[in-house]
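Colleague: For reference, the sequence and a predicted model appear below.
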Amino acid sequence: MEQAALIPKAVPDYDDASPHSSWIFKIPIVKIEAAFKQANRDPGQLLNLSVISRSPSARALTILVCGADRAFLSSGEEVRHLLQLPSSVFNVGLDQGTYVFAGRGFGHGLGMSQWGARALALEGYTAQQILKYYYKDVVVDSFDHFAGYH
């Protein structure tokens, strides 16, 4: 029997105690230009960087990158990786030659948050309840079935 592919779904999290709950990164324009150039996505002199679409969980989905040489769309995850931001949940603004990224969270937003799992455990959730919270439509089974599997 063929199994359907499971698509991870984001769930509300309880990670406010995380040191990454909220953050601000200030990145000079020249560093952003260099990051795009190194990734072979050189816009030339950067003129504007703005979020133009978001996911229901507020993640930046599409970023408009406008440069003197060209403009293009980038994904929020690409920008996150290029600029080494903690997550793609961010707002961006320009302040005197520096882009200011203000965001929250850490990671890609799919799967289990360690800080969120910790908060649920402190509320009395069992390991199985925590796994079921983060991974919908998944059966949590005993490890006894894997005895002898190496």
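Modeller: Arrived safely, thanks for sending.
Colleague: Neighbours of Ile27, how many?
Modeller: Neighbourhood size, Ile27 [other Cβ atoms under 10 Å]: 17. In this view, the C-beta of every residue, glycine as well, is placed from N, C-alpha and C.
Colleague: Same question for the one 3 residues further on.
Modeller: Val30 sits with 12 neighbouring residues when counted by other Cβ under 10 Å.
Colleague: With Ser88 instead?
Modeller: A count of nearby residues for Ser88, using other Cβ under 10 Å, gives 26.
Colleague: can you check Leu94 too?
Modeller: Count around Leu94 with other Cβ under 10 Å applied: 14.
Colleague: same question, Tyr125
Modeller: Neighbour count of Tyr125, defined by other Cβ under 10 Å: 16.
Colleague: Can you report phi and psi for it?
Modeller: With angles defined as degrees, to the nearest 10, Tyr125 sits at phi -70, psi 140.
Colleague: Wait, it touches Tyr133, no?
Modeller: Yes: between Tyr125 and Tyr133 there is a contact at 7.1 Å, judged by Cβ atoms under 8 Å.
Colleague: Alpha carbons only: can I get the helix or strand harbouring Leu94 in PDB?
Modeller: Element membership for Leu94, per DSSP states H and E: strand 90-95. Only the C-alpha atoms of strand 90-95 are listed here, as PDB (Å, rounded to 0.1, in the frame of the first residue of the first chain):
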ATOM      1  CA  PHE A  90      10.600  39.600   9.800                       C
ATOM      2  CA  ASN A  91       9.800  43.100   8.800                       C
ATOM      3  CA  VAL A  92      12.400  45.200   7.000                       C
ATOM      4  CA  GLY A  93      13.100  48.900   6.900                       C
ATOM      5  CA  LEU A  94      15.900  51.200   5.800                       C
ATOM      6  CA  ASP A  95      17.700  53.500   8.300                       C
END
